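1. generate coordinates for the sequence data below:
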Amino acid sequence: MEGDYIIRATAANHQLRIFAVTSKNLVERAREIHGTSPVATAALGRLLTAGSMMGSMMKGENDILTLQIHCGGPIGGMTVTSDSKANVKGYVKQPVVILPPNAQGKLDVSGAIGPGFLNVIRDIGMKEPYNGQTHLVSGEIAEDLTYYYVTSEQVPSSVGLGVLLDKDNHVKQAGGFIIQVMPFAEDAVIDTVEASVKQVHSVTDLLEQGMLPEDIIKHLMGSLDVDILERTPTAYYCNCSKERVSGAIASIGREDLQDMIDDGETIEVNCHFCGTHYYFTTEELQQFLK
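-> The predicted model follows:
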């Protein structure tokens, strides 16, 4: 099975920067872990796909990107984090939301998300992480990120994201692209790309035609020259461990810890991102008090 990967490219003599990804395996992995319903698989899959590309844009080895959607729809919200190696993980608050299809007969991601906000947090090792927030313009995620780039980062961009499920509701295709316009781009180049992007009905249609990320980039760029720069593998990966979870428990405060110890029960802590169960005995909890 071919692994998921991201292609980074430029076009029109560096006037455009383009990322494209195939993310079928990582989205299917998220579906398996979280037992998501079809609309939740599509919503989380789109955000994971965006997170993989946006993570790969970061420079520092320890940089972390977090995408959070706080929303009023039945899905309740989503969180995705990615590192600069494009290791990505995420979860959705209500993974088994069931909704009827939208007017186009598609999974109603916008209806599941509803009104809300998108937070983009970049932790690049400074004192304070960079935090950009915008309201959701459609709840379809790709348009919301397009709007975020223009308003929060002043980078005119076009984002496309898609998740297609088979009849068993497993992930059949998933992928996406981000096109960014550099400040010195000529109007003619921008017009060419805008016209080309308008022709793209959906990312999953291109993947269904057998296109790879490099093919999608060439397709999107039309007559413009494309320079493919690098290929980065991407995967669903959770870096939780008992040590990390211990750190979180140790920081909850003496009174709460004492209450847990007084209960005399082994406590169970589950990782939001991968569902791993960690158990702590009263003896281990007493060690944290010390």
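2. pLDDT at residue 1, what is it?
-> What the model reports for residue 1 is a pLDDT of 53.
3. and what of residue 266?
-> At residue 266, pLDDT is 89.
4. which residues does stretch 103-114 contact?
-> 38-40, 42-43, 46, 69, 71-75, 97, 99-102, 136, 138-141, 163, 165 (C-beta atoms under 8 Å, 6 or more residues apart in numbering). Heads up, the C-betas are built off the backbone N, CA and C, glycines and all.
5. helices - which of the residues you listed land there?
-> Those of the contacts of stretch 103-114 mapping onto helices are 38-40, 42-43, 46, per DSSP state H.
6. so can I have a markdown table of those residues showing neighbour count, pLDDT and distance to residue 222?
-> Shown next, in a markdown table, are these (neighbours: other C-beta atoms under 10 Å; pLDDT from 0 to 100; distance: C-beta to C-beta, whole Å):
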| residue | neighbour count | pLDDT | distance to residue 222 |
| --- | --- | --- | --- |
| 38 | 17 | 96 | 33 |
| 39 | 28 | 96 | 33 |
| 40 | 28 | 97 | 35 |
| 42 | 27 | 97 | 28 |
| 43 | 30 | 97 | 30 |
| 46 | 28 | 98 | 25 |
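7. coming back round to it: which of the contacts of stretch 103-114 are buried?
-> Among these, those classed as buried by 16 or more other C-beta atoms under 10 Å are 38-40, 42-43, 46, 69, 71, 73-75, 97, 99, 136, 139-141, 163, 165.
8. ok, back up a step: which of the contacts of stretch 103-114 fall within strands?
-> Those of the contacts of stretch 103-114 mapping onto strands are 69, 71, 163, 165, per DSSP state E.
9. what secondary structure does the residue nearest to the spatial centre of the chain sit in?
-> Closest residue to the average C-alpha location of the chain: residue 48 at 2.5 Å, with C-alpha atoms, centre = their mean. Following DSSP: H, G, I helix; E, B strand; the rest coil, the label given to residue 48 is helix.
10. re earlier: residue 147: which of the ones in helices among the contacts of stretch 103-114 is nearest?
-> The closest of the ones in helices among the contacts of stretch 103-114 to residue 147 turns out to be residue 46 (C-beta to C-beta; 14.7 Å).
11. how much space separates the closest one from residue 275?
-> 21 Å (C-beta to C-beta, to the nearest Å).
12. from the chain's centre, how far out does stretch 207-226 sit?
-> Distance of stretch 207-226 from the chain centroid (C-alpha atoms, centre = their mean, to the nearest Å) equals 22 Å.
13. average pLDDT for that stretch?
-> 95.
14. and whichever helix or strand residue 161 is part of, what's its mean pLDDT?
-> Using DSSP states H and E, residue 161 sits in strand 157-165. On average, the pLDDT along strand 157-165 is 96.
15. same question for stretch 109-125.
-> Stretch 109-125 comes out at a mean pLDDT of 94.
16. need the distance between the two termini of it.
-> Using C-alpha to C-alpha, to the nearest Å, the end-to-end distance of stretch 109-125 comes to 34 Å.
17. in it, what's buried?
-> 109-113, 116, 118-120, 122-123.
18. would you list those residues in TSV and tack on distance to residue 25 and secondary structure?
-> Output for those, formatted as TSV (distance: C-beta to C-beta, whole Å; DSSP: H, G, I helix; E, B strand; the rest coil):
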residue	distance to residue 25	secondary structure
109	21	helix
110	26	helix
111	27	helix
112	23	helix
113	24	helix
116	28	strand
118	25	strand
119	27	strand
120	25	strand
122	26	strand
123	26	strand
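19. ok, of those, which one's closest to residue 248?
-> residue 123 (16.8 Å).
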